[in-house]
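K.L.:
fold the stuff below for me.
(one chain, ligands or ions: 2)
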Amino acid sequence: MSQALPDAIAARHFEACADRIVETARALADKGWTPATSSNFSMRVDAGHAAITISGRDKGKLGRDDIMLIDLDGQPVGTEARPSAETALHTQVYRRWPEINAVLHTHSRTQSVASRLFARDGVVRLQGWELQKAISGYHSHDTVLEIPVFPNTQHMPELVAQVDAWLDAGKPLHAYLIDGHGIYTWGRDMAESERHLEALEFLLACELDLRTLRSS
Ligand SMILES: CSC[C@@H](O)[C@@H](O)C(=O)COP(=O)(O)O
Ligand SMILES: [Zn+2]
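P.N.:
Ligands and ions are numbered 1, 2, ... in the order given. Predicted coordinates for the structure are as follows:
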């Protein structure tokens, strides 16, 4: 696929991002977190562009050609491929936080069940777990870490508006769940995004286990 980038260095950076996305996608698929072509992944290429998964591809079998270039309005650059149906949720993150360079979205069973269970409260309130310290900026198990749960919709501008409303209310945001759907999280690089995702998966599973054990 031809990718029109301003110069050769940028083109090389796109390829490096694409390769890193492929590596991460395979690892997440191996954990069973990307069933049936679900999930999407991206990395910032430069101030105005990102590399993102092409819509509908099997995320466990990606190659470099399954990743495409977009601008931060979500428009394809140098390709007629169709970016992820949820591209607007990725570009929103890149536009709001210049320091963020990777966004991950998965559909694990734990994330899906937790999103349904906590949808009524609109938030998962994590406190008392040592692993909260895997989230950048959290230094104690005692600090409350809130993960909002937004109603699902196929209309991306509505989801973007829900995320904007949370942030515009001045609340910290490191990740969010979408009801019956999955999770979004991000980081300054792919390693940080992966750490956030793995920690949140673990924390959500612990919350689900606690609920089950306490009610039995
Ligand atoms: C296959 S159902 C999942 C999709 O509707 C969507 O939520 C998803 O995660 C993947 O969409 P995609 O357009 O491939 O990025
Ligand atoms: Zn999804």
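K.L.:
quick one: is the longest helix along the chain near ligand 1?
P.N.:
The single longest helix within the chain, with elements called by DSSP state H, is helix 190-215. No - judged by C-beta under 6 Å from any ligand atom, helix 190-215 makes no contact with ligand 1; its nearest approach is 13.9 Å. Heads up, the C-betas are built off the backbone N, CA and C, glycines and all.
K.L.:
give me the buried positions along that helix.
P.N.:
Buried residues in helix 190-215, counted by 16 or more other C-beta atoms under 10 Å: 190, 192-201, 203-205, 207-208.
K.L.:
now do stretch 61-68
P.N.:
Those would be 62, 66-68, for stretch 61-68 by 16+ other C-beta under 10 Å.
K.L.:
which stretches of the protein have low pLDDT?
P.N.:
Applying pLDDT under 70 to the chain flags residues 1-6, 8-9.
K.L.:
columns secondary structure and distance to ligand 1 on top of the buried residues of stretch 61-68, output as CSV?
P.N.:
Listed next are these as CSV, based on DSSP: H, G, I helix; E, B strand; the rest coil; distance: C-beta to the nearest ligand atom, whole Å:
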residue, secondary structure, distance to ligand 1
Leu62, coil, 11
Asp66, helix, 10
Ile67, strand, 12
Met68, strand, 11
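K.L.:
what's the farthest-apart pair in those residues?
P.N.:
Leu62 and Met68 (11.4 Å; C-beta to C-beta).
K.L.:
overlap in contacts, the two.
P.N.:
Shared contacts of Leu62 and Met68, defined by C-beta atoms under 8 Å, 6 or more residues apart in numbering, comprise Thr53.
K.L.:
let's verify Tyr176: helix, strand, or coil?
P.N.:
Following DSSP: H, G, I helix; E, B strand; the rest coil, we place Tyr176 in the strand state.
K.L.:
neighbours around it, how many?
P.N.:
Tyr176: 22 surrounding residues under other C-beta atoms under 10 Å.
K.L.:
sec struct for the residue nearest to Thr87 when sequence neighbours are not counted, please.
P.N.:
Of all residues not flanking Thr87 in the chain, Gly74 sits nearest, at 4.3 Å (C-beta to C-beta, 6 or more residues apart in numbering). Under the three-state scheme (three-state DSSP), Gly74 adopts coil.
K.L.:
that older thread, ligand 1: which of the buried residues of helix 190-215 is nearest?
P.N.:
Checking the buried residues of helix 190-215 against ligand 1 with C-beta to the nearest ligand atom, the nearest one is Leu197 at 13.9 Å.
K.L.:
that closest one touches Trp186, doesn't it?
P.N.:
No - the criterion here is C-beta atoms under 8 Å, and Leu197 misses it with Trp186 at 9.3 Å.
K.L.:
which stretches of this protein form strands?
P.N.:
40-46, 49-53, 67-71, 102-106, 123-126, 145-150, 175-178, 182-187 (DSSP state E).
K.L.:
which positions within stretch 40-47 qualify as buried?
P.N.:
Neighbour counts using 16+ other C-beta under 10 Å place 40-45 of stretch 40-47 among the buried residues.
K.L.:
thank you kindly, that will do.
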